[in-house]
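In: Need a 3D model of the sequence below.
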Amino acid sequence: MSKRADLTAGLQGLLQKTASDVEMYDGVKPDDDFFAGLQESGLALMASRVQVTRKGAIFDHIDENEWKSFFDVIQSFKHAMQWIIADWARYGHDVLGWSFEDMHDLTGYQQTTLKQAAYVARNVGASVRTDASFTHHALVASKSEDEQIKLLKQVKEKNLSVEQLRQLIGESPTLTAADPLGVADFKRQTRTIQRVVERVGRVKTIDSEKERDETLERIARVQEWLDAARALIERVSVGGNDG
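Out: Sure thing, here's the model as predicted:
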């Protein structure tokens with residue numbers, strides 16, 4: 001079996017298993033409530049009388065209550081999809097030995113996206129994950145498990161946004177009256193990235209997986225700042241003060 005067939009077959013097998021026999025490969029059972037909810041709300045229905053294709057869904061004479069229940073399935077998978085992709089990328093890399101470059105060729109996803117997703121899946125165990133967004137979990141991925149639990153609990157109790165969580169754990173630019181746009185933090189991050197890139201360019205290697213992951217996280221933060229900067233520039237008027 002080719003690597004491509006091996007990886008896709010493994011994913012198909014994972015998605016076809018039921019809650020009673022699926023176990024995460026790190027030994028942690030999936031969220032039983034999640035699977036139970038899917039079963040009650042229409043997972044069996046999806047397998048029998050709703051055909052889901054790449055171009056949509058075909059409904060085979062389902063009634064109104066079944067039609068409503070199926071929406072719960074859609075919502076559940078929508079929330080879970082980033083985790084499914086992340087666990088898929090982690091499994092492909094850690095267990096099957098695929099490179100992120102090969103996964104990019106297979107899926108079309110950027111290597112950085114796949115690598116960062118796998119990093120989050122690797123470092124945030126199934127027993128720790130909550131209903132918070134994938135980005136919330138990505139922000140706590142470098143913390144210890146106890147700290148992850150504590151922070152994600154605060155996210156739920158205080159309904160913290162991604163930006164509020166960043167501020168809480170010090171992972172966002174320090175915004176002050178003198179530097180409201182976080183330019184100083186942007187400069188610090190880019191200087192650190194520059195040093196790593198210059199060294200890697202000379203020696204053609206990186207010191208550790210940890211340094212690689214941390215550098216990729218810094219690049220992602222810089223990219224977020226650049227996206228915000230682009231949005232700011234695009235929405236301001238041209239021509240300066242009219243008064």
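
In: which stretch of helix or strand covers the nearest residue to Val162 once chain neighbours are set aside?
Out: Nearest residue to Val162 in three dimensions, chain neighbours excluded: Thr135, at 5.0 Å (C-beta to C-beta, 6 or more residues apart in numbering). (Each C-beta comes from the backbone N, C-alpha and C, glycine too.) Thr135 is part of helix 134-140, with elements assigned from DSSP states H and E.

In: Just after that helix, pick out the following helix or strand.
Out: helix 145-158.

In: Contacts for that next one next, please.
Out: 124-125, 128, 130-132, 136-137, 140-141, 143, 160, 164-165, 168-169 (C-beta atoms under 8 Å, 6 or more residues apart in numbering).

In: Okay, strands next: where are they in this structure?
Out: 50-53, 56-59 (DSSP state E).

In: Please identify which of those strands is closest to Val200.
Out: strand 50-53 (43.5 Å; C-beta to C-beta).

In: so what does the closest one touch, helix or strand wise?
Out: Counting contacts by 3 or more C-beta pairs under 8 Å, 6 or more residues apart in numbering; DSSP states H and E, strand 50-53 packs against strand 56-59.

In: Report the helix or strand with the lowest average pLDDT across this structure.
Out: helix 32-38 (a mean of 47; mean pLDDT, DSSP states H and E).

In: Flag the shaky bits of the chain, pLDDT-wise.
Out: By pLDDT under 70, the low-scoring segments of the chain are 1-48, 171-181, 237, 239-243.

In: what's the single longest helix in it?
Out: Longest helix of the chain, by residue count under DSSP state H: helix 64-94.

In: buried ones in it?
Out: Within helix 64-94, the residues scored as buried using 16 or more other C-beta atoms under 10 Å are 69-70, 73, 76, 80, 82-83, 85-93.

In: Closest one to Val238 out of those residues, please.
Out: When the buried residues of helix 64-94 are ranked by distance to Val238 (C-beta to C-beta), Gln82 comes first, at 38.0 Å.

In: returning to that earlier point: now do the residue nearest to Val162: how many residues are near it, please.
Out: By other C-beta atoms under 10 Å, 13 other residues sit near Thr135.

In: ok, it to Ile58 distance?
Out: Per C-beta to C-beta, to the nearest Å, Thr135 is found 33 Å from Ile58.

In: do the same with Ile206
Out: Remark: distance between Ile206 and Ile58 (C-beta to C-beta) = 49 Å.

In: more crowded one of those two?
Out: Neighbours per residue (other C-beta under 10 Å) separate Ile206 from Ile58, with Ile206 holding more: 14 against 10.

In: what's the distance between the more buried one and Trp225?
Out: Distance, Ile206 to Trp225, by C-beta to C-beta: 23 Å.

In: With that, I have no additional questions.
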